[in-house]
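> okay, structure incoming, though there's no sequence with it:
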C-alpha cells in the first residue's frame, strides 16, 4: 500500500508517517518510480505507535515496542525493552497521581478554610 492508504487506515497523516520514518520507526520500501510502499506489518507498527502516543508515551518510548513487533512477537509489549518502558511509565504515572492527590488535598483544605471564614 502507498503512504496515503497507510495514513487513512491508521488515522494519521502522511507527514506523521514520514516523521516516523525519519526516526527509524518505520521503514518504507521504494517502488521503481520512487513511491513509498508499505505492508500489513507496517500497518501494525503504526497502530502500535499511535496507540502508545495517545496514552502519553513519547516517540522514543515506542521504539522497543516497534522492535518487538518486528521481531515477530504477537504484541509489542512482550520484550524486555518494552517491559522496561512500561515499568518506567507506570512509575511516572504513580508519581503524577501522588502529586495530584496532594494538590487536591491542599485545594480541599483551602476551600474548607475559605468557606469557614466566609460563613463567620
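That came through, no problem. The model shown is predicted, which means the values in this text are computed figures rather than measured ones.
> can we go C-alpha only for contacts and neighbour counts from here?
Will do.
> for residue 120, give me the pLDDT.
Note for residue 120: predicted pLDDT of 72.
> double-check that residue 113 belongs to a strand.
No: looking at residue 113 with DSSP: H, G, I helix; E, B strand; the rest coil, it is helix, so not inside a strand.
> okay, now it: neighbour count?
By the criterion of other C-alpha atoms under 10 Å, residue 113 has 12 neighbours.
> for this structure, just list every one of the helices.
For the chain, the helices defined by DSSP state H occupy 3-10, 14-22, 40-54, 63-70, 80-119.
> report the buried residues of the first one.
Burial within helix 3-10, assessed by neighbour count using 16 or more other C-alpha atoms under 10 Å, is assigned to 3, 4, 6, 7, 10.
> got the angle between that helix and helix 14-22?
Taking axes from the mean of the first three to the mean of the last three C-alpha atoms, to 10 degrees, one finds helix 3-10 and helix 14-22 inclined to each other by 100 degrees.
> show residues contacting stretch 68-78.
Residues from elsewhere that reach stretch 68-78, judged by C-alpha atoms under 8 Å, 6 or more residues apart in numbering: 41, 45, 48, 64, 65, 66, 67, 79, 82, 83.
> same check on stretch 85-95?
If you take C-alpha under 8 Å, 6+ apart as the criterion, stretch 85-95 is touched by 57, 61, 64.
> got CSV for these, with neighbour count too?
What follows is the contacts of stretch 85-95, written out as CSV (neighbours: other C-alpha atoms under 10 Å):
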residue, neighbour count
57, 16
61, 20
64, 21
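> could I get the contacting residues of residue 43?
Going by C-alpha under 8 Å, 6+ apart, residue 43 touches 6, 9, 10.
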